[in-house]
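make a model of this:
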Amino acid sequence: MRMLTALFLATMLLPGVALAQTKKATTAPAAAPSLSSIITQLDSFLEQLSAKSISDLEAADALAAQTDPTTNQPVDALAHACYPALIKFVQSLPAPPSGQVGPAVIYERTRILRMTVQNGLPNYLKIGCAPLVQDESTLLVKIAALLGVTLTLPIGL
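Purely as a prediction, here's the structure:
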């Protein structure tokens with residue numbers, strides 16, 4: 001998961017770094033951004049990511065919910081059961097307070113998310129997504145077996 005997050009952030013941030021390096025070569029060096037500016041940009045990025053996550057989950061659910069003409073069932077019933085629960089969970093995460101956001105607010109938002117996960121995910125999320133997680137885990141074990149690798153995954157969410 002950390003690797004995916006790092007890869008995602010790298011693809012989001014590296015084009016901007018390349019652009020900044022191009023501009024740097026042709027213009028005078030700019031002043032270093034202030035801590036307040038960095039924190040504001042980070043909080044804005046997290047808000048945009050949350051909004052994009054919800055719209056992405058809604059679009060994925062619409063795909064999964066499409067009716068299979070041969071069975072008259074959703075194309076991906078397991079995912080269709082999970083996406084609404086994921087949307088509800090993402091929307092339940094604390095929103096930032098209005099006004100100036102600083103390092104303490106970002107720290108506390110991160111801490112609340114960590115505590116939510118540590119204390120156990122909500123039952124609606126477990127019930128909605130457990131079949132999808134199990135289905136994906138089974139596929140991963142089968143692919144590993146084809147490659148001659150024995151893989152044991154933890155049980156439960």
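
quick one: contacts for the residue nearest to Cys129 when sequence neighbours are not counted?
Closest residue to Cys129 apart from its sequence neighbours, by C-beta to C-beta, 6 or more residues apart in numbering: Cys82 at 4.0 Å. (Each C-beta comes from the backbone N, C-alpha and C, glycine too.) By C-beta atoms under 8 Å, 6 or more residues apart in numbering, the contact list for Cys82 reads 128-129, 131-132.

likewise Ser53?
Val90.

quick check: which element contains the residue nearest the centre of the chain?
Most central in the chain under C-alpha atoms, centre = their mean is Ser53, positioned 6.4 Å from the mean C-alpha point. In the assignment (DSSP states H and E), Ser53 maps to helix 35-65.

check which element follows that helix along the chain.
Following helix 35-65 toward the C-terminus (DSSP H and E): helix 77-92.

among the contacts of Cys82, which are in helices?
By the criterion of DSSP state H, membership of the contacts of Cys82 in helices covers 128-129, 131-132.

now the buried members of those residues.
128-129, 132 (16 or more other C-beta atoms under 10 Å).
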